[in-house]
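Enquirer: Sharing a model prediction with you, sequence too.
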Amino acid sequence: MAETASVLEIDGLSVELPHGSDRRNAVDDISFSVGPGEIVCVVGESGSGKSVTAQAVMGLLPRELKASTGKILLQGENVLEATPSRLRDLRGTRMAMIFQEPMTALNPVMRVGDQIAEVLQIHTDLSEPDRRQRALQIMRLVRLPEPERLIDAYPHQLSGGQRQRIMIAAALVLDPALLIADEPTTALDVTTQAQILHLIRELQERRGTGVLFITHDFGVVADIAHRVVVMQSGRVVEFGPREEILRRPQNDYTRMLIASVPSLKPPARAPKSGPTALVMERLSKTYGHAGLFRSARVVRAAENVDITVRRGETVGIVGESGSGKTTVARCVARLIEPTSGTIRIGDVDVARLPESRLRAHRRNVQIVFQDPYRSLNPRRTVGASITEGPVNFGLAPAEAANRAGRLMALVGLSPDALDRYPHQFSGGQRQRIAIARALAMEPQLLIADEPVSALDVSVQAQVLKLLDDVRQRFDLAVLFITHDLRVAAQICDRIAVMQRGIVVEQGPTAEVFGAPKHEYTRALFEAAPGRDIEFGAVAGAV
Amino acid sequence: MSIEALPAEIAEAPAARRPAAWRKLARNPSVVIGAVIVIFLALVGLLAPVLGTIDPSEINPVYRNKKPGVERTIRSDDGKETVFVHRFGTDSLGRDIYSRVVYGARVSLLIGITVAVISVAIGLTIGLIAGYIRWLDNIIMRFMDGLMAIPAILLAMGVVSLSRAGLIAVIIAIVVPDIPRVVRLVRAIVLSIREEPYVEAAITVGTPTPTLLVRHVLPNTIAPLIVQGTFICGSAILIEAILSFLGIGIPPETPTWGNIMAEGRSLFRIYPHNIFYPGVCLALAVLAINMLGDGLRDTLDPRFAKRV
C-alpha cells in the first residue's frame, strides 16, 4: 500500500511545549506515513502526544504550541508552511477531522443537514438544492435511517451514534484524501462503537481515503488498523503493521501496554460461598411523576433487579449507558431512594430507612467513583478526606490519622503524602486514595462504579489488581459496575447484564462469557472490539 | 500475597501547583487600581478629623454660598486666630463642603460595606438551605422572587415612614432587595456542587448535613460571594446617595454625599461646586468598587478565569 505516494507523510515533526512544562516537546521527532486507503492507528496513553499530532496535521495546534522542526506533507504539500487561507481550503477538501464528542462538535442550534451543507457552501459553487441533494446522498451513505426526516433534525434529537454519523458525513462529503479521527468512538456505547468502526472501514475502503485514527483502545486498534504507531511521551516507540505490533511487539513499552489490556477470557474462579453481604430483591427506581403543569412521564431506570453479593465475592453489573447499572449502585449506597424493593445489607433492609436511621448503616457500604479528579475535595488534604468518615463515627482524630497512614501504605502510596492535596497526585494515585478512604470505614460492601474507566490502560491494570487484593484481604463483597467486558471478565466472579433497567442475564462470569443466553448479551460480546486477539490477562487476578 | 509489593505506577507528573490567588490578583490592573482608590477613600474617611477639616455640621450664616478657595478667619476660644480656606466652597448654610465631603466618605463606605456583609451573610445562609434541602427550595425561592419585586426606594420610604429616617432604616431598605440576588447565586452553586462525587463520598462516609454544607459546599461559594459582595457594596453606596438626595435617607444634617448634593440642588446653576465635588467622589467610589469587582470576578470566578 505504501508503495504509492503517501497521503500523509510526517517527517521529523517536533512540537514544542511552553517553558516550564514537564517536558520540552509535546511530540518529539516523530515520523510516519499514511498511504491511500490505509488506516493508521496512533495509540498511546494520556500525555503521549497523539492528539497533538492530529492537531498539528489539521493546523489546529493551540496557540501556545508551535511545530518547531520537521515536515507534515499532505499529498506532497507541507501543511506547516501553508498560509491560514490555504489551510482553510485544505481542511474539508483534502483532509477532514472527526472528534470524540459529537454533541459538542456539532452546533446545537443548527439543523444537521445545514451543517453538512455548510461544508459544501464554503468549498463549492453548488446551488442550495444541489447542496441539499448532496447532503441527503452522503447521509444515506453513512447509513442514517430516514435521511429525508433527519436532515432537518437538530443534534439533540439524534442519538450519539447518529450524531457521529453526521460528523462523518460532514467530514467525507467533499471526499478528502485524509480523514483524521480523534477517539471517534470513545464516547459511544460498545454496540454503537462497533457500527461506527464498521462504517469508517467500509467508507474508507470504498473511497480509498487514508485514515489517521487516534485511540487509546487496543481493542479498536485490533479491529480497524492496517498499521499502528505506538507513542509514549511524545515519541514514536514502535511503528509497523498491525499483526507485527499486536502479536510480536518489539518494544518493552508496547509489550507492557498490550499485556495490560484485560483478556476477554475469564480466568477460572472458584465459586464463593461466604455469607451474603448484599441481597437486592425486586429493586426498582422510577423517575418522574405527573406535575402540576406537565403530563406524567415515567422513566423506569431500574426494574425488579435481584442481585446477591456474598462476602469475598465480586459481582459485576455490565451494561451500556442508560442500562440502569449506576442507578442500582446509587440505590444500594442510598445516594438515592429506591421506589420499591428491598436492599438487605447484613440483616437490615436499608431501602426505606430514613436519613436519620440510615447513618449508622452507611459505614457498611462504601463507594469508589469513576472520576478520580472529582471524587476528592480539591480543597482538603487527602489525609482529611480519608479520616473524615472514621472521625464521623467517633474515632479519635489521632487514631484515624494512624489508620489513614496504614491504609496509604496498603494502597501503595507513601503515608507521608497524607498532608498533600489531590491535585498533587495522578489519576491512578487518586483512585488509590479513594479506595483507602472507602476502606477506612471498614465496610462490608464496596461499590466500585466504573472505577477504572477514566484511567490509562497500564494504570487500570494496577488499580484492578489493588481492588482484587483488598477484596481478598478484607473478605469484602464488591459490587462492580462497568461497561467494559474485558474488565468484567477479569475481576468478576459473577456478572449481571443489564439493558434498559432490567437484568437480562445473570450468572458466573465464565458461563456468561462462554455461552451467553440472552441475545443482548451476545450482541454485546460481538461488539467488543478486538475479540480475535488475545491480550494479556490482568496480572494477579485469581 | 503482599499488597505492599505493588508495582510502581507509571510516573505521571503531578499537576503543577496553581499560582496563589493573591498573586494573580496583584497582576490584574483593574483590581490594583480599584483597590488603591477604595483604600484611599477609606483612609480619607477614617482620618477625616486630621485632614484639615472643621466641624462638618457647623453653620455659618456669614459665609453662605462661597466659591471654592474663599478664606475665613476662625477665632478659637483662647483668642488665637487661624485662617481657614474653604477649598470646595460652602453651601447655603455656610457649612464647609470640603469637610462635609471628607466626612461623607465615612457614611458611604460604612453603608456599602455593612450592606454587603449583611446581605451576603443572610443570603448565604438561606441559599445553602434552599440549595440543599430540596423540599424547602420552592417555598424559599418563591418568597425570594417576591422580595426581588420590591424596589429599594419604595421600601426605603416605607421603612422610613414606619420608623425614623436614619442609618439603620437605610441599611434595611438596601439589604432586603439584595438578599435574593445572593440567595440565587449561592443556591445555583450548591445545586451544582451537591452533584460532585466528593460530596456524595462525604455522604456515604456519614458526614452530618450541617458539617457537609460547611466543609464541602460552603468553600465553593466564597470566591463568587466576594465578587457579588463587591458589586452589592457599589450599588449600596449609589442607592444610599439616591435615597439621601430624595430626602428619604440619612437625616440632612449628617454629611453624606447624597445629602450634600441634595442641599446643593436648588442653587446648582449658580454654585455648581455644591454638587460637583460630592458627585465626583461618588462616581469615583462606585467606579473603583466596580473595577475591583470586575477584576476579582476575572481572577476568582472559574467561568471567567480561563480567559485571563
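Expert: Cool, got the structure.

Enquirer: going forward, measure contacts and count neighbours with C-alpha atoms only.
Expert: Will do.

Enquirer: Can you name the residue of the stretch 351-500 of chain A nearest chain B?
Expert: Residue of the stretch 351-500 of chain A nearest chain B, by C-alpha to the nearest C-alpha: A:Ser375 (4.1 Å).

Enquirer: my read: that residue touches B:Ala202, true?
Expert: No: in this structure, A:Ser375 is not within contact of B:Ala202 by C-alpha atoms under 8 Å, at 9.4 Å.

Enquirer: OK, contacts around the residue in chain B positioned nearest to chain A?
Expert: Here chain B gets closest to chain A at one residue, B:Tyr198, 4.1 Å apart by C-alpha to the nearest C-alpha. Applying C-alpha atoms under 8 Å, 6 or more residues apart in numbering or on different chains, we find B:Tyr198 in contact with A:374-377.

Enquirer: quick one: secondary structure of A:Pro378?
Expert: coil (DSSP: H, G, I helix; E, B strand; the rest coil).

Enquirer: hang on, it packs against A:Gln424?
Expert: No: the criterion here is C-alpha under 8 Å, and A:Pro378 misses it with A:Gln424 at 9.9 Å.

Enquirer: related to what we said a few turns ago, count of neighbours near the residue of the stretch 351-500 of chain A closest to chain B?
Expert: 23 (other C-alpha atoms under 10 Å in any protein chain shown).

Enquirer: If I look at it, what pLDDT would I see?
Expert: Turning to A:Ser375, the model gives it a pLDDT of 91.

Enquirer: Could you list the low-confidence segments of the chain?
Expert: No chain in the question, so chain A it is. A:1-4, A:289-296, A:536-542 (pLDDT under 70).

Enquirer: my bad, the chain I had in mind was chain B
Expert: B:1-21, B:301-308.

Enquirer: Which secondary structure elements does the top helix by length along it sit against?
Expert: Ranked by residue count under DSSP state H, the longest helix found in chain B is helix B:97-132. Packing contacts for helix B:97-132, counted by 3 or more C-alpha pairs under 8 Å, 6 or more residues apart in numbering or on different chains; DSSP states H and E, involve helix B:29-46, helix B:134-148, helix B:167-193, helix B:218-245, helix B:257-264, helix B:273-300.

Enquirer: Report the buried residues of the fourth one.
Expert: By 16 or more other C-alpha atoms under 10 Å in any protein chain shown, the buried positions in helix B:218-245 come out as B:218, B:220-221, B:223-245.

Enquirer: Contacts only, for A:Ala417.
Expert: A:Val382 are the contacts of A:Ala417 under C-alpha under 8 Å, 6+ apart.

Enquirer: tell me the secondary structure for it?
Expert: With three-state DSSP as the criterion, A:Ala417 reads helix.

Enquirer: Show me which residues of chain A sit near chain B.
Expert: A:22, A:333, A:335, A:359-360, A:362-363, A:365-367, A:369, A:371, A:374-377, A:388-390, A:392-393, A:409-412, A:423-426, A:428, A:438, A:441, A:458-459, A:462, A:466, A:469 (C-alpha under 8 Å from any C-alpha of the partner chain).

Enquirer: Which members of those residues are positioned in strands?
Expert: Mapping those onto strands (DSSP state E) picks out A:365-367.

Enquirer: Check the burial of B:Tyr98 by counting its neighbours.
Expert: The burial count for B:Tyr98: 24, using other C-alpha under 10 Å.

Enquirer: Next, the residue lying closest to it once chain neighbours are set aside: phi, psi?
Expert: The shortest distance from B:Tyr98 to any non-neighbouring residue, by C-alpha to C-alpha, 6 or more residues apart in numbering or on different chains, is to B:Phe88 (5.1 Å). Backbone torsions for B:Phe88, taken as degrees, to the nearest 10, come to phi -100, psi 10.

Enquirer: what about B:Phe88, neighbour count?
Expert: Other residues close to B:Phe88 by other C-alpha under 10 Å number 22.

Enquirer: same thing with B:Arg106?
Expert: So B:Arg106, with other C-alpha under 10 Å, has 22 neighbours.

Enquirer: Enumerate every residue touching the residue nearest to it when sequence neighbours are not counted.
Expert: Nearest non-adjacent residue to B:Arg106, counting by C-alpha to C-alpha, 6+ apart: B:Gly45, 4.6 Å away. Applying C-alpha under 8 Å, 6+ apart, we find B:Gly45 in contact with B:102-106.

Enquirer: same check, this time on A:Gln460
Expert: Neighbours of A:Gln460 in contact, by C-alpha under 8 Å, 6+ apart: A:260, A:428, A:452-453.

Enquirer: Neighbour count and secondary structure added to those, as JSON lines?
Expert: Output for the contacts of A:Gln460, formatted as JSON lines (neighbours: other C-alpha atoms under 10 Å in any protein chain shown; DSSP: H, G, I helix; E, B strand; the rest coil):
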{"residue": "A:Ser260", "neighbour count": "22", "secondary structure": "helix"}
{"residue": "A:Gly428", "neighbour count": "24", "secondary structure": "helix"}
{"residue": "A:Val452", "neighbour count": "26", "secondary structure": "coil"}
{"residue": "A:Ser453", "neighbour count": "15", "secondary structure": "coil"}
